[in-house]
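>>> Predicted coordinates and the sequence they were generated for:
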Amino acid sequence: MDIRALTPDYAVSPQIDPEDLPAIKAAGYVTVIDNRPDGEIPPDLHTDVMRQAAEALGLTFVANPIIGGALTEANVIAQRAAMDASAGPVFAYCASGNRCSVVWALAHAGERPADELIGIPARFGYNLEQLRPMLSGR
């Protein structure tokens, strides 16, 4: 598991296993957002399995599946709502962490400078430059 903290309150990661959840909780995260559709992963990593494991540890679990290349406004709204509702730091995962970074940036468009929304994920190898028009004018 590779926790990539974009901010003190929001981190992204490539796919995790249920066994990673205790370390996520120990790192101080209280909400886990699953941005990975079940159709991309084996059954032992499906949403229901991950939800049960997270909730058994007292973590809040939110499923917000984002289909690669088909991010919707509803995904952005759901991600923002989960971040806003969280009682503490949020940990989001997908295949690489990129979709989690994209939806985080779009959820903060108009509130933070586009250079920041692009630059922070870039520290972890996520290139969001193509989103600049949406991040600047949202």
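Alright, I've got the coordinates.
>>> tell me which element G68 is part of?
Per DSSP states H and E, G68 falls between elements, in no helix or strand.
>>> Just to check, it is in contact with R99?
Yes. G68 lies in contact with R99 (CB atoms under 8 Å); the separation is 6.9 Å. Yep, even glycine has a C-beta here, placed from its N, CA and C like the rest.
>>> The two: who's more crowded?
R99 (25 against 13; other CB atoms under 10 Å).
>>> Looks to me like that one is in a helix.
Yes. Per DSSP: H, G, I helix; E, B strand; the rest coil, R99 lies within a helix segment.
>>> quick one: contacts for it?
Listed by CB atoms under 8 Å, 6 or more residues apart in numbering, the contact set of R99 reads 35, 66, 68, 71.
>>> Apply 6 Å and report the result again.
35, 66 (CB atoms under 6 Å, 6 or more residues apart in numbering).
>>> in the chain, what secondary structure element scores lowest on mean pLDDT?
Lowest mean confidence among the helices and strands of the chain (mean pLDDT, DSSP states H and E): helix 132-137, at a mean of 84.
>>> Same question for that helix: list its buried residues.
134-135 (16 or more other CB atoms under 10 Å).
>>> For F61, which three-state class applies?
Quick answer, by three-state DSSP: F61 is strand.
>>> Could I get the full set of helices for this structure?
In the chain, the helices defined using DSSP state H lie at 21-26, 47-56, 73-85, 98-107, 114-122, 132-137.
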